[in-house]
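J.: A predicted structure for the sequence below; I have some questions about it.
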Amino acid sequence: MGVFSETAGFLRSVEPSLMSDLAHNYDARIVTAILLLLILPLTYTYTSAQSHLARSSKRDVAEPPQVPYLVPFLGNTYAFVSGPAAFFATVRKTFKNIPARVLLGGQRMYLIPHGEHIQTLFKSSRHLNAEYTTIIAFRDALGLPDKELQELYADQSGIDTAPAPGYEHMEAQHRIFFQIHKHVHTHFAGRSLEAITSKFIESFSSRMLGEKAELQLGSQWSEQPDLHDLVRTEIFHAATEAFCGDYIFRLCPNLCKEFWEFDEVLPSLISGTPKFLNGKALAARAVLLKNIKTWHKFARESFDWNNAEAVHAEWEPIYGARIMRERQKMFKDMKTSEDGGASYDLGLIWASSGNVIAASFWCLFFILQDPALKEAIIEETTPCFRKGTLAFDSERLYSRPLLQSAYLETLRLSVAAPITRISRVPKFRLGKWAVKKDEMMFATTWVASRDTTFWNRGSVDHKTGKAEHEVDKFWAERFLEFEDDPRSGPVRKSDNATAEKKPLDASRLSRAKVVESGMQGYYYPFGGGSKMCPGRFFAKRQILVTVALMLRAFDMELLDAAAASKTQPCMPLTPVGTVRPNVKTAFKIRKRSQGPGRAC
Ligand code: HEM
């Protein structure tokens, strides 16, 4: 009572005008609350009705329907940030094969469904601009200076040899996207690819077992806290030496640690967090850019451009791979600043190991989870190695059916590649759906890779609907086709209720064929069209070599099967490719005495 009478006394003592102001404000708040409560269902009803009408439109050309939402301006943001994977899956379920419009943080975007429309997108590179997201990545993630950013914004000439309409007269040195694109495509294939791969293999094997190895292992078991950590250290060293030569780690001894500190803060850099709130992330990036500039300076001062042999070498110790040297010439022609060159090269260094590390981890992890599969892969790859050594016949190793199928299946499960394009033309058509010019189109590999209507799931229990090999589970044989088994292969043919379990033995595997075609629109871990990942051939070799060499060099076992079964690839809010494991993976490891290994 005391509190109420005190309050009443206080209210009586306040000026009448103030009282009326208070009452007025109070009313205003109630009215606002009521309006807000009404606005939400009204917005939802309106956007749902609009969406329904657009989806059932009989018009020959229509704009893709909007995914309904509750809150104006924020649109679908809340649903998206609560779980991007679930959001995309729900949109697919409702909109099926129809492109859908979403509103994320006030920005309109089209979600392009997998199947025929993503294929059209990949085939229409000439009408599409994929450079915008690259600019954002250079600006936010890699810290490209303003001068170079302005040059990128000004370059709308595209990546094709023929400049996009309206840019026919642009001078070659201003066509930066075209120049970068040309370099990566030329130097990630043929002899250049062979040289980068050889250096990767040499560096990886010598670090695994040589004096430089992070873990000095013997024949006794050694327990280790995290498989991903081991894989990432080894691959990062080998890939960076393959690209940047033998000196970069001598000049920057903490490069590996500093690189992973940068990688850790990458999502916060990409999220667009204001600079004044993002000091730690910016500092991590600054350290790395300084490292790259130290290496550039050393290479500039040490490399002899008059030495024809070095100038034409596919790989030499100072600049490393030929592409890094050729890029220096390109930077000079484009008058790129030192800071700009460092940012551009940081992008390539990240690309050369970022996605491969997580993919190699997953491939190894899935194999270690299944002892029979591990034995089958060791049996399959052993004949590729020279007796008692880690030396192998690479072509033979890259063509092992089970290893390749395990690799393809790993990418199916662990890649969440964002595919982004912007239309250059006013009404870009996906079937009857017309997309507006200059608006973002987005597609993800995640939902396509898990489409139960497309992927072979083995035999299915018709009563429960449960499948022998669910789409969200690893099945090493999914990409194998056996002549005597019409149900085999990655694509669903029929859901047989019963199936005899077949062994993973060498004689059966020798009759297996790896299937990599017939999955257009459903399997695109490397994107597609002229923007398709130029590093895909190197990535495949890195992953196969890592897995085969680790299994040959070491005995490895997961320490906690129960914990391992909870390890998941989870799609993040800002996916940049292959996703990381959600927890650490403890394992034990010991050096393996090199088995008999038949010569190839
Ligand atoms: C498992 C490993 C990898 C995955 C899943 C992956 C995935 C992708 C994807 C989805 C794209 C965009 C494609 C598109 O928009 O259609 C891309 C672009 C790119 N990737 Fe990869 N990548 C991998 C490994 C690599 C490696 C090892 C390198 C370099 C050695 C590399 C270099 C690049 C470059 C330079 C681009 C940009 C190409 C351009 O702008 O034209 N990637 N990658």
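T.: Now that the structure is in, tell me what you want to look at.
J.: contacts only, for Asp560.
T.: Asp560 sits next to Ala586 when contact means Cβ atoms under 8 Å, 6 or more residues apart in numbering. Heads up, the C-betas are built off the backbone N, CA and C, glycines and all.
J.: number of residues surrounding the residue of the stretch 201-350 of the chain found nearest the ligand?
T.: Residue of the stretch 201-350 of the chain nearest the ligand, by Cβ to the nearest ligand atom: Leu348 (6.3 Å). Neighbour count for Leu348, taken as other Cβ atoms under 10 Å: 19.
J.: so which helix or strand takes in it?
T.: Per DSSP states H and E: Leu348 is located in helix 338-369.
J.: same question for Pro41.
T.: Under the criterion of DSSP H and E, Pro41 resides in helix 16-55.
J.: is it true that Gln520 touches His117?
T.: No - assessed by Cβ atoms under 8 Å, Gln520 is found out of contact with His117, at 11.8 Å.
J.: which one of the two has more residues nearby?
T.: Neighbour count, other Cβ under 10 Å: between Gln520 and His117, His117 has more, with 22 against 15.
J.: what's near enough to touch the residue lying closest to that one once chain neighbours are set aside?
T.: Nearest non-adjacent residue to His117, counting by Cβ to Cβ, 6 or more residues apart in numbering: Leu430, 4.5 Å away. Shown in contact with Leu430 (Cβ under 8 Å, 6+ apart): 64, 99, 112, 117, 120-121.
J.: list phi and psi for Leu430.
T.: phi -120, psi 90 (degrees, to the nearest 10).
J.: what about it, distance to the ligand?
T.: 16 Å (Cβ to the nearest ligand atom, to the nearest Å).
J.: could you shift the numbering so residue one becomes 15, and keep it that way?
T.: Let's use 15 as the start, then, which means that last one is Leu444.
J.: quick check, pLDDT for that residue.
T.: On pLDDT, Leu444 comes in at 96.
J.: and for Glu530?
T.: 96.
J.: that one is in what secondary structure piece?
T.: Using DSSP H and E, Glu530 sits within no helix or strand.
J.: ok, it - how many residues close by?
T.: 12.
J.: Ser413 now?
T.: Neighbours around Ser413, by other Cβ under 10 Å: 13.
J.: run through the bridge partners of the residue nearest to His131.
T.: In this entry, Leu444 is beta-bridged to Trp447, by DSSP bridges.
J.: still on that earlier bit, from the contacts of Leu444, which ones fall inside helices?
T.: 131, 134-135 (DSSP state H).
J.: list just the nearest of those residues to the ligand.
T.: Nearest to the ligand among the ones in helices among the contacts of Leu444, counting by Cβ to the nearest ligand atom, is Leu135 at 8.9 Å.
J.: what residues are up against that closest one?
T.: 126, 142, 433, 435, 444, 455, 457, 542-543.
J.: how near is it to Pro432?
T.: Distance check for Leu135 against Pro432: by Cβ to Cβ, to the nearest Å, it reads 13 Å.
J.: now Lys307
T.: In terms of Cβ to Cβ, Lys307 sits 29 Å off from Pro432.
J.: phi, psi of the nearest residue to Arg339 once chain neighbours are set aside?
T.: In space, and not counting its chain neighbours, Arg339 is closest to Tyr333: 4.2 Å by Cβ to Cβ, 6+ apart. Torsion angles at Tyr333 (phi, psi; degrees, to the nearest 10) stand at phi -90, psi -20.
J.: touching, Tyr333 and Cys258? I think so.
T.: Yes - the pair Tyr333 and Cys258 passes the contact test of Cβ under 8 Å, sitting 7.5 Å apart.
J.: related to what we said a few turns ago, please look at the residue of the stretch 215-364 of the chain closest to the ligand and Phe257 and confirm they touch.
T.: Yes - the pair Leu362 / Phe257 is scored as a contact, 6.9 Å apart, by Cβ under 8 Å.
J.: show me which residues of the chain sit near the ligand.
T.: 144, 148, 173, 195, 198, 365-366, 369-370, 373, 429, 431, 433, 539-542, 545-549, 552-553, 591-592 (Cβ under 6 Å from any ligand atom).
J.: make a markdown table out of the contacts of Leu135 and add secondary structure.
T.: Shown next, in a markdown table, are these (DSSP: H, G, I helix; E, B strand; the rest coil):
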| residue | secondary structure |
| --- | --- |
| Ile126 | coil |
| Leu142 | strand |
| Ile433 | strand |
| Arg435 | strand |
| Leu444 | strand |
| Met455 | strand |
| Ala457 | strand |
| Gly542 | coil |
| Gly543 | helix |
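J.: buried subset of the residues you listed as a ChimeraX selection?
T.: Filtering the contacts of Leu135 down to the buried ones (16 or more other Cβ atoms under 10 Å) takes a single ChimeraX command:
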select :126,142,433,435,444,455,457,542,543
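J.: make a markdown table out of the contacts of Leu135 and add distance to Gly402.
T.: Formatted as a markdown table, these follow (distance: Cβ to Cβ, whole Å):
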| residue | distance to Gly402 |
| --- | --- |
| Ile126 | 52 |
| Leu142 | 53 |
| Ile433 | 46 |
| Arg435 | 51 |
| Leu444 | 57 |
| Met455 | 54 |
| Ala457 | 48 |
| Gly542 | 43 |
| Gly543 | 46 |
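J.: which one of the contacts of Leu135 is nearest to Ala490?
T.: Nearest to Ala490 among the contacts of Leu135: Gly542, at 25.2 Å, using Cβ to Cβ.
J.: identify the residues contacting Pro440.
T.: Here Pro440 is in contact with 450-451 (criterion: Cβ under 8 Å, 6+ apart).
J.: the helices in the stretch 365-514 of the chain, which residues?
T.: Along the stretch 365-514 of the chain, counting by DSSP state H, counting those that start in this stretch, helices occupy 385-395, 408-412, 415-428, 459-462.
J.: related to what we said a few turns ago, from the residues of the chain next to the ligand, which land in strands?
T.: Under the assignment DSSP state E, those contribute 429, 433, 591-592 to strands.
J.: show me which of the residues you listed are buried.
T.: Here, 16+ other Cβ under 10 Å leaves 429, 433, 591-592 buried among those.
J.: which two among these are spaced furthest apart?
T.: Every pair of these checked by Cβ to Cβ; the farthest is Ile433 and Thr592, at 14.4 Å.
J.: which outside residues touch stretch 343-363?
T.: Contacts for stretch 343-363 (Cβ under 8 Å, 6+ apart): 151-152, 156-159, 161-162, 165, 187-188, 190, 193-194, 197-198, 254, 257-258, 273, 299, 302-303, 306-307, 310, 337-338, 341-342.
J.: out of the buried ones among the ones in strands among the residues of the chain next to the ligand, which one has the weakest pLDDT?
T.: Lowest pLDDT among these: Gly591, 87.
J.: how much space between that one and Leu303?
T.: For Gly591, the distance to Leu303 (Cβ to Cβ) stands at 21 Å.
J.: His183 now?
T.: Per Cβ to Cβ, His183 is found 34 Å from Leu303.
J.: neighbour count for the two, which is higher?
T.: A count of neighbours by other Cβ under 10 Å puts Leu303 above the other of His183 and Leu303, at 19 against 7.
J.: make TSV out of the helices of the stretch 365-514 of the chain and add mean neighbour count and distance to Tyr58.
T.: Below are those laid out as TSV (neighbours: other Cβ atoms under 10 Å; distance: least, Cβ to Cβ, whole Å):
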stretch	mean neighbour count	distance to Tyr58
helix 385-395	18	48
helix 408-412	16	53
helix 415-428	24	35
helix 459-462	23	24
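J.: nearest to Lys516, of these?
T.: helix 385-395 (11.7 Å).
J.: how many neighbours does Leu50 have?
T.: For Leu50, the neighbour count with other Cβ under 10 Å is 10.
J.: wait, what's in contact with it?
T.: Leu50 neighbours (Cβ under 8 Å, 6+ apart): none.
J.: confidence score at it?
T.: At Leu50, pLDDT is 76.
J.: same question for Ser233.
T.: Confidence score, pLDDT, at Ser233: 86.
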